[in-house]
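**Student:** From the sequence below, what's the structure:
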Amino acid sequence: MLPNLHLVLAGALSLAPHLGQASAPNVTVVPLGGDCAAYPGYDPATGVSGPLRVAADSTGTVFDGVQFVPKSSTAVGGGSWGFMVIPFSPNATAATPMRCGNGTLQAHMDMGFLGVRWQPLVAAGTPAESVFGFGFPDLPDPNYHLETWYVPLFPFPLYPRNHSHIIDGAPQPGVYLGAVNVTSWGLNYQNYTESGEYYFLRLLGPGSNNLATGKPLNDGEFTGFIKITAA
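**Tutor:** A predicted model of the protein is given here:
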């Protein structure tokens, strides 16, 4: 069972599943916070942040800047569960509305018998497969709550300077999504007759090495981040 995550926060490239950064960069993160005030566009009157643009970042491929969409399956007894994915043909796919509500990142989607609603997003699964998705039960592995990290472009009183996301020694402006003090994700290519071609993301946290090979990345997997901006 996938564990739930609390979301913390050179040349032309062709659309090929093996492209991108082959190893995770050295990232230093300091949590910005676990509630919606950490997200862009926060409204203190409602406690909601948004609308949000949630997209792949720093993959080194043409998928940088592409927004996430849901890939759903029907759960036993009805309802839906699934992954938030990067579509292989992004121009043919409409972006999914996103916001932060009730202290967590949410996507507006059809959840089967639960209807169309704002669905909380998690990183769920075993440590080796903690996948960015939704609708997963919290057992046997606990879901991680997704959190945000932020580094301001200039001094700003709402966001102290010590809230930072530093990649290979270079501060990165913006809000990034992750969990368990990790913001690096692995992008994995999938191609199914029913759901088409896409990339799902798994958190590259503790214990995420490939169980069969012991290597940090799966065959064909490349790395990136999830960046959040105001839509």
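**Student:** hang on, residue 55 in a helix?
**Tutor:** No - using DSSP: H, G, I helix; E, B strand; the rest coil, the secondary structure at residue 55 is strand, not a helix.
**Student:** Just give me the neighbour total for it.
**Tutor:** If you count neighbours by other CB atoms under 10 Å, residue 55 ends up with 21. Glycine gets a C-beta too; all of them are placed from N, C-alpha and C.
**Student:** tell me the contacts of it?
**Tutor:** Under the criterion of CB atoms under 8 Å, 6 or more residues apart in numbering, the contact partners of residue 55 comprise 64-68, 226-227, 229.
**Student:** So what pairs up with it in the strands?
**Tutor:** residue 67, residue 227 (DSSP bridges).
**Student:** same check, this time on residue 179
**Tutor:** Using DSSP bridges, the beta-bridge partners of residue 179 come out as residue 182.
**Student:** Mind telling me what element residue 220 is part of?
**Tutor:** Element membership for residue 220 (DSSP states H and E) is empty, with no helix or strand holding it.
**Student:** Excluding chain neighbours, what is closest to residue 117?
**Tutor:** In space, and not counting its chain neighbours, residue 117 is closest to residue 111: 5.8 Å by CB to CB, 6 or more residues apart in numbering.
**Student:** how near is the one you found to residue 119?
**Tutor:** Residue 111 sits 6 Å away from residue 119 when distances are taken as CB to CB, to the nearest Å.
**Student:** show me what contacts the nearest residue to residue 66 once chain neighbours are set aside?
**Tutor:** By the measure of CB to CB, 6+ apart, the closest residue to residue 66 outside its immediate chain neighbours is residue 90, 4.4 Å from it. Taking CB under 8 Å, 6+ apart as the definition of contact, the neighbours of residue 90 are 63, 66-67.
**Student:** Dump these to JSON lines, plus distance to residue 97 and neighbour count.
**Tutor:** What follows is these, written out as JSON lines (distance: CB to CB, whole Å; neighbours: other CB atoms under 10 Å):
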{"residue": "63", "distance to residue 97": "20", "neighbour count": "22"}
{"residue": "66", "distance to residue 97": "16", "neighbour count": "21"}
{"residue": "67", "distance to residue 97": "10", "neighbour count": "19"}
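**Student:** ok, back up a step: considering the contacts of residue 55, which possesses the most neighbours?
**Tutor:** Note: the member of the contacts of residue 55 with the most neighbours is residue 226, at 28 neighbours, neighbours being other CB under 10 Å.
**Student:** So for the residue lying closest to it once chain neighbours are set aside, what's the pLDDT?
**Tutor:** Using CB to CB, 6+ apart and skipping residues adjacent in sequence, the residue nearest residue 226 is residue 177, 4.0 Å away. The confidence metric pLDDT takes the value 88 at residue 177.
**Student:** surely residue 177 meets residue 146?
**Tutor:** Yes - at 5.6 Å, residue 177 and residue 146 qualify as touching, with contact defined as CB atoms under 8 Å.
**Student:** Any idea how many residues pack against the residue nearest to residue 117?
**Tutor:** Residue neighbour count, defined by other CB under 10 Å, stands at 21 for residue 111.
**Student:** and what of the one 5 residues further on?
**Tutor:** A count of neighbours around residue 116, defined by other CB under 10 Å, yields 10.
**Student:** what about the closest residue to it other than its chain neighbours, how many residues close to it?
**Tutor:** In space, residue 116 comes closest to residue 110 once its chain neighbours are excluded; the distance is 5.0 Å by CB to CB, 6+ apart. Per other CB under 10 Å, the neighbour tally for residue 110 reads 12.
**Student:** Report the contact partners of residue 110.
**Tutor:** With contacts defined as CB under 8 Å, 6+ apart, the neighbours of residue 110 are 72, 80, 116.
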